[in-house]
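>>> The sequence and its predicted three-dimensional model are supplied below.
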Amino acid sequence: INLKVQYIMSSSDHEGAFSDGSQGDSAWDPLLKSAVEFAEIYHGSGTTYLHTNDPLKSTSYSNKSAVENPTGAVVPAISLATTFKQSTPGEPTARDDPNSFGLGYEYSRTGNPTRGVFERAVAAAEKAKFCVAFSSGSAATSAVVHLLRPGESVLCVDDVYGGTQRYFRRIVNPRMGIEIDFVDFHDESLVQTKVNSGIESEDGNVKLFWLETPTNPTLKVTDIGAVSTLAKSCGALLAVDNTFCSPYFQNPLDHGADIVVHSVTKYINGHSDVVMGVVCTNDEELYKQLRFTQNGVGAVPSPFDCYLAHRGLKTLHVRMEAAARNAYAIALFLERHDGVTKVVYPGLKSHPQHDIAVRQQHGFGAMITFYCVGGRDQSAIFLQKLLVFALAESLGAVESLAECPSLMTHASVPDEQRALLGIDDTLIRLSVGIENCSDLIEDLDRALNASLNSLG
């Protein structure tokens, strides 16, 4: 697993760090340098996640001025108010509050201080200028689709979250008049053909590329930069669902994406107690449209959920590293087990797009897909015998989860499409948590052996 250490040892950056105020190159002896290197495994993200309320600027909330934070509280307050007093008719309160983004406060659907704090923190984590929060990941996806008009079209990666394909296939296409093409982005000639046909058509021009990388659940990795170049060639936007990697392991905007979507429910919150989504961008015009949709449609998260998700974000780096370390060890274990026919994990050299993952990600994440020996009965036995892993949908939490996508998260995907993607009843998706690694391996080993023994 890539554990890049990014730190600066210059005397100017650490001036006055010691009690006597001295700081020179001699102070950074080999032992101290080694200790700092050992401590800083989070590629510079910890301070941003904990203290940044302003995108691209690190400022501790507790160090705000007495006007902005009169109590000196180290945690932003939960503002439950639905409406805000105005001193002058039609003039929102507190336009100078950075959490109101210059709009002030009048009604909590339009703007809320707790939500504003969270949005600014996620924007900083994703290296974005702007972030807009929604009541779920699906609502965030819907907000992006609202950028389109009837007659326009979307190129969507073929292996995509079941809820996304269901929304695209059964709502967006038939009810909004927006064409949806599910394509394998690794088939460059097919994608180019779709783009060319869209350019030549007045009614079906491609306006949005929708990408997951890694995909859900087969973990295909796609070169974001290459797709960005293709999208720009036809004047389309590129939206990347970054849920599986989280802002810690991947920042799509750095690779040319226009929009980044997260199901906050997963890694950003990380504790299986909040349903939420966000959309991040660097484009101010897109941001204004997304903010308008947030207010107009009204799918906003509650202040308390924003508080919980912000608290979760503060430990994202620690959780992701712990989970990814567990996942790498588990992937190696599964590759060696007789009850497994195939393991898919971007951190393994056997993964077909391992080189792309190395190049564009900061690490390989904590999602693993594997195929068990046998059929549907064996996968059911395996899942039922697990004791530490919970048989449940969702992912990205501190606890480890296991599921069978063909029967659970991707049951709504048409049978023929599942067959093309290799989503059969023996495919198991693991969301690896932060429990003791040997306990997780022992749990998997016991369940896999039970599954194997059922074959006689």
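Here it is on my side, so go on.
>>> which residues of this protein fall in strands?
130-134, 153-157, 179-183, 206-212, 237-241, 259-263, 277-281, 340-344, 367-372, 390-391, 401-403, 427-431 (DSSP state E).
>>> and the third one, what other elements does it pack with?
If I follow you right, that is strand 179-183. Judged by 3 or more CB pairs under 8 Å, 6 or more residues apart in numbering; DSSP states H and E, the packing partners of strand 179-183 are strand 153-157, helix 188-200. Where C-beta positions appear, they are placed from N, C-alpha and C, glycine not excepted.
>>> so the longest one versus strand 153-157, what angle?
Inter-element angle recorded for helix 188-200 and strand 153-157: 170 degrees (by axes from the mean of the first three to the mean of the last three CA atoms, to 10 degrees).
>>> where in the stretch 51-200 of the chain is pLDDT low?
The model of the stretch 51-200 of the chain has pLDDT under 70 over residues 52-68, 198-200.
>>> how deep is residue 384 tucked in, by neighbour count?
11 (other CB atoms under 10 Å).
>>> need the contact list for it.
Residues in contact with residue 384 (CB atoms under 8 Å, 6 or more residues apart in numbering) are residue 391.
>>> Let me have the strands of the chain in JSON lines, extended by distance to residue 167 and mean neighbour count.
Formatted as JSON lines, these follow (distance: least, CB to CB, whole Å; neighbours: other CB atoms under 10 Å):
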{"stretch": "strand 130-134", "distance to residue 167": "14", "mean neighbour count": "25"}
{"stretch": "strand 153-157", "distance to residue 167": "10", "mean neighbour count": "24"}
{"stretch": "strand 179-183", "distance to residue 167": "10", "mean neighbour count": "19"}
{"stretch": "strand 206-212", "distance to residue 167": "11", "mean neighbour count": "24"}
{"stretch": "strand 237-241", "distance to residue 167": "12", "mean neighbour count": "26"}
{"stretch": "strand 259-263", "distance to residue 167": "12", "mean neighbour count": "28"}
{"stretch": "strand 277-281", "distance to residue 167": "12", "mean neighbour count": "29"}
{"stretch": "strand 340-344", "distance to residue 167": "25", "mean neighbour count": "18"}
{"stretch": "strand 367-372", "distance to residue 167": "21", "mean neighbour count": "24"}
{"stretch": "strand 390-391", "distance to residue 167": "25", "mean neighbour count": "16"}
{"stretch": "strand 401-403", "distance to residue 167": "20", "mean neighbour count": "22"}
{"stretch": "strand 427-431", "distance to residue 167": "20", "mean neighbour count": "25"}
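>>> Quick one: closest of these to residue 316.
Proximity to residue 316 (CB to CB) singles out strand 259-263 among those, at 11.0 Å.
>>> Just to check, residue 404 is in contact with residue 425?
Yes - checked against CB atoms under 8 Å, the pair residue 404 and residue 425 is within contact range at 6.6 Å.
>>> Spit out the residues that contact the two alike.
Going by CB under 8 Å, 6+ apart, residues that sit against residue 404 and also against residue 425 are residue 379.
>>> More neighbours: those two, which one.
residue 404 (24 against 19).
>>> so who does the closest residue to residue 166 other than its chain neighbours touch?
Once flanking residues are discounted, residue 166 sits nearest to residue 412: 4.5 Å by CB to CB, 6 or more residues apart in numbering. Contact analysis of residue 412 by CB under 8 Å, 6+ apart lists 162, 163, 165, 166.
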